[in-house]
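Visitor: Following is a predicted model, sequence given first.
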Amino acid sequence: MSLSSLSTLNSQLSNCVLCGTCRSVCPTFGVINREPASARGKVSLCSAFLNKEITLSERFIKHINECVLCAACEENCPNDVPVIDIILAARQEIFKKGKTDFSRIAVSKFFGSEKIGRNALKVASKIQNIFFKQVPEESGLHRRFPLPFVHGKRLAPRLAEKFFLEDRRQKTEVRSKKDKSQPRIGFFAGCLINYIYPNIGEASLNVLEKAGAFVVVPLDQSCCGMPAIGIGDIEGAKRLALKNLEAFEKYELEYIATACATCGDGLKKRFKELLADEGEDLQKRVENFSSKVRDITELLVNDLGIRQSPVSGLRSPS
Ligand code: SF4
Ligand code: SF4
């Protein structure tokens, strides 16, 4: 077992003193305005579940799934209650019992499956104009026809016409010319940059190169696995972690940069938790991998020592 299970978090669950500090920072509580939508409410629900006072009912599952895993509650909790670990553990229980929503599984599998996901999203990017009116971005996109499993009021982001990694595939895997004095940096794109915001990926590569780095974009990289972790699919997330490990280990990299905060959390922290029970060799490999991961801004300022913006239009750090 890797990533904590609900029963191993029992003592931390009882650290919640019901102070309610988390309610004031929880975005879902701010919208729903009911106790089970807050971190305190979810912690209480999980305690009740462990004490066999309640079951994995539809209502329990709904409240556990409401959390967007922003961690604002954890950061403000005076008793260090590990709310994210608790919610992820509850989602593992839900997944193991086969009670996870089909739509959530489908999204996770889509991003996690290199071939099916990429090809399906490619088709979707070609036909998306049939389902969305051409309206200015700021007015939101409105569906013409109902889509299965997608809430009518939900705005879907527009898929990129050319996916980031697909575009790189047509060029070259290694991005800039090698110079031994340059820091070697691997760029981890993640699904949002790959499928929706490739311009952020391109801009990140430009900034890194202008900062003097030798940048590699390993094309075998995959989804970071956070969607799988988010629905409690630990085996699926492990598979993706291993795939990414192999993709980046081929290059002798000093750093691995990401411009996505969620991917950063996955690569830095969750990979180690996922593979914690998989033997000493693998643990060393994942430790080595995770120690190199940096958010791009962290890398530029702390590791590359950049104090002036390497490209015009960016504000220098103060
Ligand atoms: S802030 Fe922490 S201790 Fe207070 S209610 Fe929320 S989870 Fe419990
Ligand atoms: S992590 Fe979940 S429970 Fe905590 S503040 Fe964010 S949405 Fe609320």
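Guide: Cool, got the structure. Ligands and ions are numbered 1, 2, ... in the order given.

Visitor: Which SSE is immediately downstream of the helix or strand bottoming out on mean pLDDT in the chain?
Guide: Here the helix or strand of the chain ranked lowest by mean pLDDT, DSSP states H and E is helix 114-131, holding a mean of 63. Per DSSP states H and E, the first helix or strand lying C-terminal to helix 114-131 is helix 164-169.

Visitor: tell me which strands and helices that next one is in contact with?
Guide: The contact analysis (3 or more C-beta pairs under 8 Å, 6 or more residues apart in numbering; DSSP states H and E) places helix 164-169 against helix 198-210. (Glycine included, C-beta is placed from N, CA and C.)

Visitor: Could you check how far the following helix or strand past the helix it packs on is from the centre of its chain?
Guide: Downstream of helix 198-210, the first helix or strand assigned by DSSP H and E is strand 214-216. Put simply, strand 214-216 sits 23 Å off its chain's centre (C-alpha atoms, centre = their mean, to the nearest Å).

Visitor: and the next helix or strand after strand 214-216, what other elements does it pack with?
Guide: Remark: after strand 214-216, the chain's next helix or strand is helix 226-230, criterion DSSP H and E. Helices and strands touching helix 226-230, by 3+ C-beta pairs under 8 Å, 6+ apart, are helix 83-96, helix 102-112, helix 234-249, helix 261-265.

Visitor: Could you see whether ligand 2 lies near helix 226-230?
Guide: No - on the criterion C-beta under 6 Å from any ligand atom, helix 226-230 is out of touch with ligand 2, staying 11.3 Å away.

Visitor: Buried residues, that helix. List them.
Guide: 226-230 (16 or more other C-beta atoms under 10 Å).

Visitor: Which positions in the protein make contact with ligand 1?
Guide: Counting by C-beta under 6 Å from any ligand atom, the residues of the chain that sit close to ligand 1 are 16-22, 39-40, 43, 73, 77, 79, 81, 83.

Visitor: So how do I select the buried members of the residues you listed in PyMOL?
Guide: This is the PyMOL syntax for the buried subset of those, where burial follows 16+ other C-beta under 10 Å:
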select buried, resi 16+22+39+40+43+73+77+81+83
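
Visitor: Where does pLDDT dip in the stretch 101-250 of the chain?
Guide: Within the stretch 101-250 of the chain, the segments meeting pLDDT under 70 span 109-156, 169-180.

Visitor: could you redo the helices and strands packed on helix 226-230 as TSV and give each row distance to Cys67?
Guide: Supplementary listing: those in TSV, determined by distance: least, C-beta to C-beta, whole Å:
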stretch	distance to Cys67
helix 83-96	5
helix 102-112	13
helix 234-249	17
helix 261-265	14
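
Visitor: Would you mind saying which of those lies nearest ligand 2?
Guide: Ligand 2 lies closest to helix 83-96 among the helices and strands packed on helix 226-230, at 5.0 Å (C-beta to the nearest ligand atom).

Visitor: and the closest one with ligand 2, contact?
Guide: Yes - residues of helix 83-96 contacting ligand 2 under C-beta under 6 Å from any ligand atom: 83-84.

Visitor: What residues sit buried inside that helix?
Guide: 83-95.

Visitor: and it, what other elements does it pack with?
Guide: Where contact means 3+ C-beta pairs under 8 Å, 6+ apart, helix 83-96 is packed against helix 10-13, helix 39-50, helix 58-66, helix 72-76, helix 226-230.
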